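turn this into a model:
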Amino acid sequence: MHCVNYIIMSTNKLCLLIDANHAMSSHFGDDGMDNDQPNHLQLAIECATKLIERKIFAESPDKIAIIVFGCDETNNDMHDGEFYKHINIVRPLTTSCYNIVDAVRSIQSGGSTVSADLLEALVVGLDLIVQGSASNDSRQLILLSNLRSPFSDDNFDDIVSGFVDQNVELVVVNTTGIKVNELDKNSINKDVNEASCSTSKSSDITNNYHNLKPEIRQQVKGENLIKKLHEYCVSTVCYSFSNLIDELLVYDIKPVKPTAWKVNLELSPDFSIPACRYVKTKESRPKTWKKQCLTADSVAVGDSQLAGSGDSVVYNRTYTSADNEEELEPEQLVKGYRYGNTLVPFSQEDEQSMKYQSMKCFRVLGYSKRDTAPRHLWLGDSAYILTAPIGDRSSAAILSALLHTLLELDLVAIVKFCYSTASSPRLVALTPVIENNSNSYFSVIQLPFLEDMRSYQFPSLSAIARQQPAEHQLSAIDNLINSMLMDGTGKPSERPSNPFIQRINHAISQKIIDPQSEIGPVDEKLVSQLNTASEIREKSERSVIKVQSVFDLKLVSQEKGKKALWGDTPINPSVRDDQISPIVDSRKPAESVKEIGSITPHQDFITLIEQYPDKLTQLSDDLFIMIKRLLADSFGTHSYSKCIDCLIATRKACVNAIKAKSFNDNFIELKQWLLANNKEDFWNRIVNESIILISISECSDGIRNEDVNELMKSSIDKEDTLAMSDEEDVNDLLSMME
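Alright, predicted model coming up:
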């Protein structure tokens, strides 16, 4: 969409020059036009309408003018009775609005006897845009024509001088788009009509120029005129109707001027660096709606200029008592928030006191490895960057030194961030970024607090041997990915627009033009932006078929109305970890094990016992602590098998080392912890696995067999546990009320 952004964003004064000569409204078979398709004038009107609408939705302050030539009317300051006839200034330079759209949509072609000179129309447009703008304004003259209008090049040199001296750019939109660099250098000094044969766009037309219809011959002359203007240093850009209409399908949004949030980056209480934070990427949302009252008569008339004609809607809210339906004044009310069955009142003073008081700050708390802030921990709905204030060389030097040092050490800065005194504090990470070895800045990434974390544990995709893909399956997936690479480099050729926002803009535009019309369907070209490109779909078709053939795919039907929640399919507790064949041996080298981890705790315990047999008691205590941690974070029975393996490993080690007391003490404490934390199902799992206390018959410092049997029983029945819990809740509630 480079051409559209070029037209819309870089223009201060713009003049649309629309050709309405009879040749624009006729269908000619020579250029492939079908009588059922829009004629050239309709295409020009559509292009002009979309250009103006883009400026309206972008809320552009640029001025735009409309000139029509080849119409029945004549309205321009240069008309002297003989020259500059049938050139009508429909709208002088003014800010874009739907009045201009209405004027463009009402343009009609002139009669078959009406003709306007193309070069004279360019002169009128050039004069209008120069007279209505300052010398430092950017100026563009957009010609929408099939270039079949007659012209006389008597004043060609003066026109070239006007474009060059006044720094006016010419944008030409015609049927096919002109390649302005194809003009024969030898024909520059010739008359435009004489140069036509040597510069036509195809060899067939060149060889048969004199056999063409007059309309097509005139079009070739018009194209050569544009090429010659370009060769005479007139800044010229050319597009075709069809390409421009496709590009103009997407409306622009109002450009956002970058605004800096100025703050001092505090490295210590006595040392801070001035810095600026900017928004780099932010989700664009539709403008908020402001409801207004409109009379039914005004809508029925179909007036497209309804803005400002309605009355603002006023909402009145009343409160009544639920007991006697007595109307209450706002001063008699206080906000209440329901927590469970309790209604908690909060006055305005309470709400102010409850707010977290803070100060605007951007303070470095410390530095950490980059991998401590992985992507799945990033929060926020926008991307920010931090850089030095413009022109502050001292701050830029210090920030640059900090950036390169962090980049070299693979570190990030952990920062306390508070936007203002009314904002709650946040944690962010400053990540150094260098783009193209020149553009450098800190990426500001919001990090989660403890309450923001979700401790979900999913079974590994590659933990079971039967899930390991075979070599031919890996090859099929590899071919599929290669066949679907975008633009051959893995990058999309152009970034699509948000279809939700564009759909709203199209609907608003349609209702403004015709309030009584029904909103039409979504444009297929808009929908296709988020569909797989046809060339990628064709290229990957064979790869998709191959993937379907090498994998055992089955149709899985979900029950209607039932949501599939994480954990609905629990891991089969009967399948032990030692019964699963891993793809890769997950055991770590003995020298790399320094402590008991959460991935393979029982293997870590065995490895450490072999290295430090005299630390069995401490390692056993650590292993039981890990068991409690795994059970506390476990979703359902996910970690139960791993914990059972830990109990078996530590029991065996304590029996062999004749340290039964270490195991028995931790085992009894674990039982009490399980019952207190509603983990009776894991205790039952222990009993079913026949993992018991170490008795004196197994180890000299074990306990008696009868004590083992007694302690293995649950000391608190489930009903007693529930009753005690209810009694404690009642006592706590009474204490709070006192």
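
and the gap between the closest residue to M484 other than its chain neighbours and D246?
The shortest distance from M484 to any non-neighbouring residue, by C-beta to C-beta, 6 or more residues apart in numbering, is to S540 (4.9 Å). Quick note: C-beta positions are derived from backbone N, CA and C, even for glycine. From S540 over to D246 the distance is 25 Å, taken as C-beta to C-beta, to the nearest Å.

who has more neighbours, these two?
More crowded of S540 and D246, by other C-beta atoms under 10 Å: S540, with 20 against 13.

got the contact list for the spatially most central residue of the chain?
In the chain, the C-alpha nearest the mean C-alpha coordinate belongs to E283, at 5.7 Å (C-alpha atoms, centre = their mean). Counting by C-beta atoms under 8 Å, 6 or more residues apart in numbering, E283 makes contact with D381, S382.

backbone phi and psi for it, please?
As for E283, its main-chain torsions (degrees, to the nearest 10) stand at phi -60, psi 130.

change the start of the numbering to 277 and stick with it
In the new numbering, first residue 277, that becomes E559.

any stretches of the chain with poor pLDDT?
Along the chain, the parts satisfying pLDDT under 70 run over 277-287, 302-312, 455-491, 566-589, 733-743, 763-770, 834-868, 990-1014.

report the longest strand in it, please.
What stands out as the longest strand in the chain, according to DSSP state E, is strand 547-558.

buried residues of that strand, list them for me.
Residues S548, I549, P550, A551, C552, R553 are the ones in strand 547-558 that count as buried (16 or more other C-beta atoms under 10 Å).

show me which of these is closest to G912.
Nearest to G912, judged by C-beta to C-beta, of those is R553 at 43.0 Å.

now do that closest one against V704, distance only.
For R553 relative to V704 (C-beta to C-beta), the value is 10 Å.

which residues are common contacts for those two?
Contact criterion C-beta under 8 Å, 6+ apart; residues shared by R553 and V704: V720.

so what's the residue count around S700?
9.

just checking, it touches M630?
No: if you go by C-beta atoms under 8 Å, S700 and M630 don't touch, sitting 11.8 Å apart.

which residues touch the helix or strand harbouring Q824?
Using DSSP states H and E, the element containing Q824 is helix 810-826. If you take C-beta under 8 Å, 6+ apart as the criterion, helix 810-826 is touched by A746, H748, Q749, A752, I753, N755, L756, N758, S759, M760, M762.

the fifth one and M762: what is the separation?
The reference is to I753. Distance, I753 to M762, using C-beta to C-beta: 17 Å.

for those two, indicate the residue with more neighbours.
I753 (15 against 12).

ok so that one is a helix residue?
Yes: counting by DSSP: H, G, I helix; E, B strand; the rest coil, I753 is part of a helix.

list the contacts of it.
Counting by C-beta under 8 Å, 6+ apart, I753 touches P745, V823.

and A783, how many neighbours does it have?
13.

so where does the closest residue to it other than its chain neighbours fall, helix or strand?
Closest residue to A783 apart from its sequence neighbours, by C-beta to C-beta, 6+ apart: I795 at 4.8 Å. For I795, there is no host helix or strand (DSSP H and E).

mind listing what I795 touches?
Shown in contact with I795 (C-beta under 8 Å, 6+ apart): A783, Q786, K787.

and which of those residues is nearest to L653?
Nearest to L653 among the contacts of I795: A783, at 39.0 Å, using C-beta to C-beta.

buried sites along the helix or strand where that closest one lies?
For A783, the element it lies in under DSSP H and E is helix 775-789. Judged by neighbour count (16+ other C-beta under 10 Å), helix 775-789 contains these buried residues: P775, I777, Q778, R779, N781, H782, I784, S785, K787, I788, I789.

relative to E871, how far out is T893?
Taken as C-beta to C-beta, the span from T893 to E871 is 16 Å.

ignore what I typed, I meant I885.
Taking C-beta to C-beta, one finds I885 at 13 Å from E871.

and these two? which has more neighbours close in?
I885 (21 against 10).

ok, the more buried one touching L895?
Yes: the criterion here is C-beta under 8 Å, and I885 meets it with L895 at 6.2 Å.

excluding chain neighbours, what is closest to A689?
L706 (4.1 Å).

over to C514: give its phi and psi.
When read as degrees, to the nearest 10, the backbone of C514 gives phi -130, psi 140.

count of neighbours near it?
Neighbours of C514 under the rule other C-beta under 10 Å: 20.

for the stretch 527-676 of the chain, what spans make up the strands?
537-544, 547-558, 568-569, 587-588, 595-596, 603-604, 611-615, 618-622, 637-645, 655-663 (DSSP state E, counting those that start in this stretch).

what sits up against stretch 633-646?
So stretch 633-646 is contacted by 539-543, 551, 553, 682, 686-697, 699-701, 705-707 (C-beta under 8 Å, 6+ apart).

of those, buried ones?
539, 541-542, 551, 553, 682, 687-691, 693-695, 705-707.

what's the spacing between C323 and K556?
Counting by C-beta to C-beta, the gap from C323 to K556 is 33 Å.

now the element after whatever helix or strand A341 lives in, going C-ward?
Secondary structure assignment for A341, by DSSP H and E: strand 339-345. Scanning forward in sequence from strand 339-345 by DSSP H and E, the next helix or strand is strand 363-371.

and that following strand, what does it pack onto?
Secondary-structure packing of strand 363-371 (3 or more C-beta pairs under 8 Å, 6 or more residues apart in numbering; DSSP states H and E): strand 339-345, helix 374-381, helix 394-407.

so which elements touch the second one?
Using 3+ C-beta pairs under 8 Å, 6+ apart, the elements in contact with helix 374-381 are helix 316-333, strand 339-345, strand 363-371, helix 775-789.

give me the angle between the shortest one and helix 316-333.
To tie it back to what came earlier, the one meant is strand 339-345. Counting by axes from the mean of the first three to the mean of the last three C-alpha atoms, to 10 degrees, strand 339-345 lies at 170 degrees to helix 316-333.

and strand 339-345, what does it pack against?
Looks like strand 339-345 contacts strand 289-295, helix 316-333, strand 363-371, helix 374-381, helix 394-407 (3+ C-beta pairs under 8 Å, 6+ apart).

which one of these lies nearest to D413?
Across the helices and strands packed on strand 339-345, closest to D413 is strand 289-295 (C-beta to C-beta), at 5.1 Å.

about what we covered before: the buried ones among the contacts of stretch 633-646 in strands, which ones?
Among the buried ones among the contacts of stretch 633-646, the residues falling in strands (DSSP E) are 539, 541-542, 551, 553, 687-691, 693-694, 705-707.

now, the most widely separated pair of these?
Farthest-apart pair in these is L687 and C694; separation 22.9 Å (C-beta to C-beta).
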